[in-house]
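> model this:
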Amino acid sequence: MKKLAVSADGPDAWESWREAFARVAPDLPIISWFDPAFDPADASYVLVWEPPAGEMTRMASMRAILSTGAGVNHLVNRPDFPAGVPLVRMGGDQTAVLMADYVMWAAIGLLRDAKSWTRQQEQHVWHRLPVFRNSAETRIGILGFGNLGAAVARRLAAAGFIVSAWCRSPREEKQIPLFFGEEGLSEFLPTVDILVNLLPSTHQTRHIIDAEFLSRLKPDTGFINVGRGDHVVEEDLLAALSSGQLDGAVLDVVATEPLPAGSPLWDHPRITLTPHMASEASRDAQAAYVAHAIAELEEGRTPPLLYCPERGY
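The predicted structure is shown next:
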């Protein structure tokens, strides 16, 4: 098996990566990208997250680049990205389970208005807020039915929610009702009580969730964004929350990360924010996935999360 150079998270993270690979893939030769003795010609693969500016030009001879994130737009949109080098996105069972856990938590929090409980506790207010709708009466709509979207949809359905999903192109699916294309989107949006965004970031999806899009939801819909921050026009989201078009929002991703201190998203009473951590797998899980993807490449097979430039994800 060919050597893997580890660039992800910078030189300070090397020891944690070394220990993880030693535990889950001891036969995979690895080296720190930042080792003074390292020559890119000595490795066939490189693991990255956000390499320093200009650094990706040194990866042009790699057989493949592997990312520690499921989203790779921050890589492919760089001027130094070596076009033509295969790029593998992060996946694996733990990533999918973590995402499903997060969306389950967020959906139940919206269903039971947990944000109001938090405010009451902060204010030392003891006041009952009865909720009469349960999971079996709540339809959750998933935008995007890829690897993570499908895992989330099936987990929510197993927990008793009514679940449907929308994707751009028709596909076979026995468990979850699917809507397709622009016509399907118009049918899909008015039916949901909670909308979960898990779309990839492409030119077509940038700012897709704007005032017109949100107006197609029924009043008091909940919104969970675990897709990309650039899907949402944040001013329109805030307006929809203020008007009651949206009842509440849980945001794990925002347009600018870290979120600027002056952003109105911080203090909105109907928004719950988390710092882009919905499905960040452990070092061991990430290392195991990377080793498996490299083994597939070495055997001439295509990893399931290989980036496709034509699709944009």
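> neighbouring contacts of stretch 3-16?
In this structure, residues lying in contact with stretch 3-16 by Cβ atoms under 8 Å, 6 or more residues apart in numbering are 17-18, 21, 28-34, 38, 40, 42-49, 51, 55, 66, 68, 283, 290, 294. Any C-beta I mention is one placed from the backbone N, CA and C, and that applies to glycine too.
> who's in contact with P200?
71, 144, 146, 227-228, 311-313 are the contacts of P200 under Cβ under 8 Å, 6+ apart.
> longest helix in this protein, please.
Longest helix in the chain by number of residues, with DSSP state H as the criterion: helix 93-111.
> what comes up buried for the next helix or strand after it?
Past helix 93-111, further along toward the C-terminus, the next helix or strand under DSSP states H and E is helix 114-122. Taking 16 or more other Cβ atoms under 10 Å as the neighbour-count basis, helix 114-122 is seen to contain the buried residues 114-115.
> repeat for stretch 163-183
Neighbour-count burial for stretch 163-183, counted by 16+ other Cβ under 10 Å, picks out 163-168, 176-180.
> off-centre distance for it?
Centroid separation between stretch 163-183 and its chain, computed with Cα atoms, centre = their mean, to the nearest Å, is 19 Å.
> okay, that stretch in CSV with CA atoms only?
Included here for stretch 163-183 are C-alpha records, laid out as CSV according to Å, rounded to 0.1, in the frame of the first residue of the first chain:
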residue,chain,number,x,y,z
VAL,A,163,-40.4,11.5,6.7
SER,A,164,-40.1,12.5,3.0
ALA,A,165,-37.2,13.8,1.0
TRP,A,166,-36.4,15.9,-2.1
CYS,A,167,-33.6,15.4,-4.5
ARG,A,168,-32.8,16.8,-7.9
SER,A,169,-32.8,13.6,-9.9
PRO,A,170,-35.1,10.5,-9.7
ARG,A,171,-33.8,7.5,-7.9
GLU,A,172,-35.0,4.2,-6.5
GLU,A,173,-36.0,4.2,-2.8
LYS,A,174,-38.4,1.9,-1.0
GLN,A,175,-38.5,3.3,2.5
ILE,A,176,-38.8,7.1,2.1
PRO,A,177,-41.2,8.9,-0.2
LEU,A,178,-39.1,11.0,-2.6
PHE,A,179,-39.9,14.2,-4.6
PHE,A,180,-37.8,15.1,-7.6
GLY,A,181,-36.9,18.3,-9.6
GLU,A,182,-38.5,21.7,-9.5
GLU,A,183,-42.0,20.4,-9.8
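> and the contacts of that stretch?
With Cβ under 8 Å, 6+ apart, stretch 163-183 has contacts from 139-146, 149-150, 153-154, 156-157, 184-185, 187-188, 191-192, 204.
> report the buried members of the residues you listed.
By the neighbour-count criterion of 16+ other Cβ under 10 Å, those include these buried positions: 140-146, 149-150, 153-154, 156-157, 185, 188, 192.
> helices - which of these land there?
Cross-referencing the buried ones among the contacts of stretch 163-183 against helices under DSSP H gives 149-150, 153-154, 156-157, 185, 188.
> quick one: which of those is nearest F213?
L185 (8.7 Å; Cβ to Cβ).
> what's near enough to touch the closest one?
Residues counted as contacts of L185 (Cβ under 8 Å, 6+ apart) are 166, 179.
> many thanks, have a good one.
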